[in-house]
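Visitor: Sequence first, predicted model second:
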Amino acid sequence: MTGASEPRPVLIVEDHRSIREGLQALLEAKGFPVLTAATGEEALRVMESCQPGVLLLDMMLPGISGEEVLGTIRRDARLARLPVVAISAAPVTVTDVAAVVRKPPNVDRLIETVSRLYSR
């Protein structure tokens, strides 16, 4: 479990390995602690033991969709206020997110968005 003195990680939920690893390398190079998950189910398991500072959530995941993950965390009192950045190549219709980043992401915009949300 992430303690009060430890920085909360950015959790990247992305099923495409190359995108997930690229985002991880980019954010780690900027000094962010990062955890990753390849599926919605895996992300929910990670969040049982660790509360992220920001969630980068691919909306089109196999199994549990990004929208279902979002609904689950919004119903969890511990995670309800977690800043979520929806990531998708398709138009995003959910409104309960802090930001939307289209694929392929603009690197500068992504870093600015994560930095702004992480510092809350």
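Guide: Now that the structure is in, tell me what you want to look at.
Visitor: which one is Arg20 nearest to, not counting chain neighbours?
Guide: Nearest residue to Arg20, sequence neighbours excluded (Cβ to Cβ, 6 or more residues apart in numbering): Glu14, at 4.0 Å. Yep, even glycine has a C-beta here, placed from its N, CA and C like the rest.
Visitor: count of neighbours near the one you found?
Guide: As a burial measure, Glu14 scores 25 neighbours (other Cβ atoms under 10 Å).
Visitor: same deal with Leu23?
Guide: Using other Cβ under 10 Å, Leu23 has 24 neighbouring residues.
Visitor: follow-up on the earlier one: what's near enough to touch the residue nearest to Arg20?
Guide: For Glu14, the contact set (Cβ atoms under 8 Å, 6 or more residues apart in numbering) comprises Arg20, Leu23, Thr36, Ala38, Leu56, Asp58, Ile87.
Visitor: Counting only strands, which of those make the cut?
Guide: Thr36, Leu56, Asp58, Ile87 (DSSP state E).
Visitor: Closest one of those residues to Ser119?
Guide: Leu56 (15.7 Å; Cβ to Cβ).
Visitor: Which strand residues bridge the closest one?
Guide: For Leu56, the beta-bridge partners are Ile12, Val85 (DSSP bridges).
Visitor: Wait, it touches Val114, no?
Guide: Yes - between Leu56 and Val114 there is a contact under Cβ atoms under 8 Å: 7.3 Å.
Visitor: what sits in contact with each of those two?
Guide: Contact with both Leu56 and Val114 is made by residues Val10, Val85, according to Cβ under 8 Å, 6+ apart.
Visitor: of these two, who's got more company?
Guide: Using other Cβ under 10 Å as the criterion, Leu56 and Val114 rank with Leu56 on top: 28 against 24.
Visitor: ok, that one - contacts?
Guide: For Leu56, the residues meeting the contact criterion (Cβ under 8 Å, 6+ apart) are Val10, Leu11, Ile12, Val13, Glu14, Leu23, Val85, Ile87, Val101, Val114.
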